[in-house]
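# Got a predicted structure here, sequence first:
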Amino acid sequence: MAEARIAATVRTENGMAIIDLDGDINAFAESALVAAYLETSELKPKTLALNFSQVNYINSTGIALIVSLLARARKDKRPVIAFGLSDHFAEIFQITRLSDFMRIVADEATARQGAAEEKSQ
Amino acid sequence: MSTQIRELWRILARSGAQTPATPAVEPTPASVEIAPYDPLLPYLQSARGVVEIDRLELDSVALRSLKEAGVKLTVPLVAQGELIGLLNLGQRLSEQEYSVDDRALLSSLATQAAPALRVAQLVRQQKDQARRSERLEQELRIARLIQQTLLPRELPKLPGWEVAAYYRPAREVGGDFYDFIHLPEGRLGVIVADVTDKGVPAALVMATTRSVLHAAAERLISPSAVLTRVNDQLIPNMPENMFVTCLYSVLDPLKRTFRFANAGHGLAFRRGVGGVSELRATGMPLGLMPGMRYEENEVLLAPGETILLQSDGLAEAHNSRREMFGFPRVKQLMTDHLNGPDQLIATLVAELERFTAGGWEHEDDVTLLAIECSSLSAKAAELAHLAALELPLPLQAEFNVPSWPGNERLAIQKVSEAVQDLGLSSSRLEKLRTAVGEATMNAMEHGNQYQEDLPVHIRLQASNEKLSVFISDHGGGQRIPEAAAPDLEAKLDGLQSPRGWGLFLIQNMVDDLKVTSDETHHTVELILHLEGGQHG
């Protein structure tokens, strides 16, 4: 039987919550993502960052999960920054227009810088 | 005595013996042969004037024949000191003896007739000679025509392969021929052969051999079996003292194999990374002995390797010092000149010209065939070859995936393995992986409702231009919903389900998408253009 191959851990960096995703984002990742988001909500961060650097598979169900997460963050008025995406998934984020609703940056340092800019605004 | 003179004697004797047997009967033509060693000949050569046949006492067959034919007198005809004929007379119609005046008249007539007869003979000889020459020329023209008709008009076009050919006939038109036979599954039969003898006989044997070879090659795969069959069929009809040497080979452009058998033909060479080697296989020439068996060998050709097939006209050419060009020289030239088939043949021909220094009188036909596996990747050559043949696209892979959540990863992995030789960029490969994953998920979920006993069938086919991945489920007979572009704003605002990205992703990952359905199956064809596709 197929099992969830995802780990979603939460950490904070200067008021930015970072969800480090490790594994596949598909139907099996739903509970891990929801739990991670709820965990970050309790931290009430200004910005939420999603670290995709250890993600090597995202399917359409995974996109739907990210849309759901983004919808919650928008409801919570929490900007979302994504970093560490491979070129392929960055392109998918553009095709699906997810990149219109979350900032896509290369790495964590840039994400921190972006979060700082969000903070100052 | 020369043959020419013997012939002359025969003609003269025949005409001279046309004498009436009796005065009352119409003259009856008679033929008298005078053998070269008949004692009558030296007698007549030395005689002057009229000779009375009845008075001659010689042990001569010709003399007896003349007497039996009723010849009474013969007058040697001499021109420029050479005996060129006889003037033979039978009995006079009055049955009286020939008078002295008659004999004087005959002598005088012979003296005057001899030069005229000589002139007539020379004119006739000239005419005969001209007629013989014309007949020979005509035969050569026919032989050339037959040979030209039998040689292929164009070289085979094999993607990933280069083929070059050279043929130069000998002055008297030899028996070389070469040919190509297009065989099933894209294979190519290659014939290089040489018929002993020259001219029309060789050309006719060549035509027969070619027909028999074609017939055998179309029925049999193995080159040795083909030569065995051809030999058995040629034996009953082969003219005496004639035979055919032949190297028959089958090139498989896809597998890059060159399988060959040799019926006493000259050496073939292979030029590869390890240098030039001889391709040997033993066997007797065709048409000599029944029941022959032929050794068969096969080589695998790497890109850049070349095969040279040849008749013996090149290696056995002589220069003015009677030295032979030789196979070692051919081998060395192949080693020294690492160029393509056209250039290789040009080099060999130029060296032949240089070697013979213009003194070469086209002793024998020269036939050269060079076949090179070009440096295109084997896979590209295979695909281009099949595309050229308009055959169905070759199957890259075919497999089933059980309908179980997460098994799209299995499909992605297998497809990735199947396309690894197609040279897709990493970007194109990632897109294909995503499209395959999404289409498989749709098939498992919507087509097969995740029933484990209903697998998703996946088939990959590729040409040089495109890759098709067919993903079939058991959801046939259902209405196929139109794919709508997802409205992200509506999804983010909770007005639409966050799902529904699958088909949208597929459409954006591949160059073309075709959906077909029948009563039982529903199939999605994912198409990637392999050369300059829009998603490159």
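All right, it came through fine. Everything quoted here is computed from the prediction, not taken from an experiment.

# Now A:Ala71. Nearest residue, chain neighbours left out?
Excluding the flanking residues, the one nearest A:Ala71 by Cβ to Cβ, 6 or more residues apart in numbering or on different chains is B:Leu492, at 4.6 Å. For every residue, glycine as well, the C-beta is placed using N, CA and C.

# dump the residue contacts of the one you found.
B:Leu492 makes contact with A:Val67, A:Leu70, A:Ala71, A:Arg74, A:Phe101 under the criterion Cβ atoms under 8 Å, 6 or more residues apart in numbering or on different chains.

# Assumed the first one was part of a helix.
Yes: when classified by DSSP: H, G, I helix; E, B strand; the rest coil, A:Val67 is found to be part of a helix.

# what's the closest non-adjacent residue to it?
Closest residue to A:Val67 apart from its sequence neighbours, by Cβ to Cβ, 6+ apart: B:Pro498 at 4.1 Å.

# Would you convert the contacts of B:Leu492 into TSV that also reports pLDDT and neighbour count?
Below are the contacts of B:Leu492 laid out as TSV (pLDDT from 0 to 100; neighbours: other Cβ atoms under 10 Å in any protein chain shown):
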residue	pLDDT	neighbour count
A:Val67	96	23
A:Leu70	96	22
A:Ala71	95	17
A:Arg74	94	15
A:Phe101	95	18
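
# Mind telling me the two of these farthest from one another?
Using Cβ to Cβ, these span at most 10.3 Å, a distance reached by A:Val67 and A:Arg74.

# All the strands of chain A, residue numbers only.
Per DSSP state E, chain A carries strands over the ranges A:6-13, A:16-25, A:47-58, A:80-83, A:103-105.

# The closest residue to chain A within chain B: what secondary structure?
Residue nearest to chain A within chain B: B:Gly406 (2.7 Å; Cβ to the nearest Cβ). What three-state DSSP gives for B:Gly406 is coil.

# re the thing from before, looking at the residue nearest to A:Val67 now. What's its pLDDT?
pLDDT, B:Pro498: 92.

# who's in contact with it?
A:Ala64, A:Leu65, A:Val67, A:Ser68, A:Ala71, B:Lys491.

# can you do 10 Å?
With contact taken as Cβ atoms under 10 Å, 6 or more residues apart in numbering or on different chains, B:Pro498 is in contact with A:61, A:63-71, B:486, B:488, B:490-492.

# count of neighbours near B:Arg329?
18 (other Cβ atoms under 10 Å in any protein chain shown).

# That one looks like it's in a helix, true?
Yes: counting by three-state DSSP, B:Arg329 is found in a helix.

# and the nearest residue to A:Gly15 once chain neighbours are set aside, what is it in contact with?
Spatial nearest neighbour of A:Gly15, excluding adjacent residues (Cβ to Cβ, 6+ apart): A:Lys46 at 5.0 Å. Residues in contact with A:Lys46 (Cβ under 10 Å, 6+ apart) are A:Asn14, A:Gly15, A:Met16, A:Ala17, A:Lys77, A:Arg78, A:Pro79, A:Ala115, A:Ala116, A:Glu118, A:Lys119.
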